[in-house]
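Engineer: Provide a 3D model corresponding to the input given below.
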Amino acid sequence: MKRSLLLFTIFILNISCGNSEKSKEGISSSIFKSEIDSPCEILSESEIKDALGIPADAETTMEEKERTFPMCKYKWESVPFSGTVELPGIVKTKKSISQPKEMYITMLKDMTDKQFEQATSYYKDGVSLEGIGEMAKWSAKKRQVTFLADGYLVHVYLRTSSDEAVNKDEVIKMAKLISGKF
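Structural biologist: Alright, predicted model coming up:
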């Protein structure tokens, strides 16, 4: 009797655990995908460095902030980028800069399509993107991509170059990589 009860319990647990790992389409997915609590958990340091072409031995400063929304800040002081910026004013002047490469990921849980539209409504220069989550927009002014995937709203900001076209390509690449984790 005890053995039958034990086997029955194992059978029921096996079925219930197996069903909890099914996605909406009925395809098995990892438990990680439904349990992301921090934007710092989405990608490993090596995944980020590989995608951005940052040397594996470069020191990463990673800071998790919990302000209004969870945010993960990455900086690479040892691999700065250089360039010039135009300073505002009556007389246009340019200044040479050297800044560390950086990336910020902000993540909000339990978000809807309507909330995505609200969050991106302030992008006066917003451009819709395909192939990133369920919905995605790029803002050149904000230097970020915002996307919605599996109920998560994610903002990805990145600056790795003084060339804004390079920054745009890199942030879109990172947003695609991140959205694939949901």
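
Engineer: Relative to the whole chain's centre, how far out is stretch 61-74?
Structural biologist: Mean C-alpha position of stretch 61-74 versus that of the full chain (C-alpha atoms, centre = their mean, to the nearest Å) differs by 12 Å.

Engineer: buried ones in that stretch?
Structural biologist: Using 16 or more other C-beta atoms under 10 Å as the test for burial, stretch 61-74 gives 70-74. The way it works is simple: take the backbone N, C-alpha and C, and place the C-beta from them, glycine included.

Engineer: C-alpha coordinates for the longest strand anywhere in the chain, CSV please?
Structural biologist: Taking DSSP state E as the criterion, the chain has its longest strand at strand 70-87. Only the C-alpha atoms of strand 70-87 are listed here, as CSV (Å, rounded to 0.1, in the frame of the first residue of the first chain):
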residue,chain,number,x,y,z
PRO,A,70,15.1,47.1,-11.2
MET,A,71,18.1,48.2,-13.3
CYS,A,72,21.5,46.6,-14.0
LYS,A,73,24.4,48.9,-15.0
TYR,A,74,27.5,47.5,-16.7
LYS,A,75,30.7,49.6,-17.3
TRP,A,76,34.0,48.8,-18.8
GLU,A,77,36.5,51.4,-17.7
SER,A,78,39.5,49.6,-19.2
VAL,A,79,38.0,49.7,-22.7
PRO,A,80,36.9,53.3,-23.2
PHE,A,81,35.9,54.8,-26.5
SER,A,82,37.1,58.2,-27.7
GLY,A,83,35.5,60.8,-29.9
THR,A,84,34.3,64.4,-30.0
VAL,A,85,31.0,65.9,-29.0
GLU,A,86,29.5,69.2,-30.0
LEU,A,87,28.7,71.5,-27.1
